[in-house]
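A.B. asks: Take a look and give me a structure for this.
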Amino acid sequence: MSLPEIDWLRGFPALAELPDAERSPLAGAAMAMSLPAGASVFAPDQPCGMFILVCRGTVRVFQLDAEGNEIVLYRLGPGSICILTTLALLASDNYSAFAVTESPVEAIGLPAATFHELMGSSAQFRSFVFHAQAARMADLMAVIQNVAFASIETRLASRLLALAADDRELSITHAQLAAEIGTAREVVSRHLKTFERRGWVSLGRGRVELRNAAPLRAAARTGR
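C.D. replies: Numbering: from 1, shown residues only. Now for the predicted structure:
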């Protein structure tokens, strides 16, 4: 079904500023998507038929290695588009990774035909897509750089601080942390126990409490 423009375009200012002749087909073809937490958005080798714009909630995009270990590539939040969706549409190819909702998600699905029409006819729409792609690509390159060059200790300390934000305690498993930094659960468990011995964190079942952020910040910067 189509949606009133005001319900979602305000979350995408660049699209709201399209001329009427370009915004009308966009708004008219927009389809509401409502997904519960834990729902699959796409998986490898699935065809891509929609350009997805996330309005509310969070989607985790990840890949699995041959042993089934997960690495988080990036997350989609409100106002986001997915780099893999755009690439699949532009190349007329299938998806190459997994995406799962981490919370209830409200999104807009734009049919592939409308996406291609606007990419061909609207310079502003193309600019929106390519600017969003560049930002998302920077996030992905940061993940690759961290996995390739940063130590496990650096990556783990940095991720703990980022996930905790202003909180002291995280509800997260060792397997989930391993996925966040692209390593095995056993490796994360070993380093977390080292952090605990140093007094940096306190561990419990499914939780990590940050007890001393200063050395964690130092480890995140230096990888010592």
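A.B. asks: So what touches stretch 142-149?
C.D. replies: Stretch 142-149 is contacted by residues Ile71, Val72, Leu73, Tyr74, Thr154, Arg155, Ser158, Ile181, Gly182 when judged by C-beta atoms under 8 Å, 6 or more residues apart in numbering. Any C-beta I mention is one placed from the backbone N, CA and C, and that applies to glycine too.
A.B. asks: try 7 Å this time
C.D. replies: Outside of stretch 142-149, the residues within contact range by C-beta atoms under 7 Å, 6 or more residues apart in numbering are Leu73, Arg155, Gly182.
A.B. asks: which residues touch the first one?
C.D. replies: By C-beta under 7 Å, 6+ apart, the residues touching Leu73 are Val61, Phe62, Gln63, Ala97, Leu140, Val143.
A.B. asks: cutoff 6 Å now
C.D. replies: By C-beta atoms under 6 Å, 6 or more residues apart in numbering, the contact set of Leu73 is Val61, Phe62.
A.B. asks: Over to the second one?
C.D. replies: Taking C-beta under 6 Å, 6+ apart as the definition of contact, the neighbours of Arg155 are Asn146, Ile181.
A.B. asks: Looks to me like it is in a helix.
C.D. replies: Yes. Assessed by DSSP: H, G, I helix; E, B strand; the rest coil, Arg155 belongs to a helix.
A.B. asks: pLDDT value on it, please?
C.D. replies: Arg155 is assigned 91 on the pLDDT scale.
A.B. asks: How about the one 3 residues further on?
C.D. replies: The predicted structure scores Ser158 at 91 on the pLDDT scale.
A.B. asks: is it true that it touches Arg221?
C.D. replies: No. The criterion here is C-beta atoms under 6 Å, and Ser158 misses it with Arg221 at 8.5 Å.
A.B. asks: Please say which of the two ends up with more neighbours.
C.D. replies: The neighbour comparison of Ser158 against Arg221 (other C-beta atoms under 10 Å) goes to Ser158, with 20 against 11.
A.B. asks: Now that one: which helix or strand?
C.D. replies: Secondary structure from DSSP states H and E places Ser158 in helix 152-164.
A.B. asks: can you pull the buried residues of that helix?
C.D. replies: For helix 152-164, the neighbour count (16 or more other C-beta atoms under 10 Å) marks Ile152, Glu153, Thr154, Arg155, Leu156, Ala157, Ser158, Arg159, Leu160, Leu163, Ala164 as buried.
A.B. asks: Format those as a markdown table; extra columns: distance to Ile83.
C.D. replies: Below are these laid out as a markdown table (distance: C-beta to C-beta, whole Å):
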| residue | distance to Ile83 |
| --- | --- |
| Ile152 | 26 |
| Glu153 | 29 |
| Thr154 | 25 |
| Arg155 | 21 |
| Leu156 | 25 |
| Ala157 | 27 |
| Ser158 | 22 |
| Arg159 | 21 |
| Leu160 | 26 |
| Leu163 | 22 |
| Ala164 | 27 |
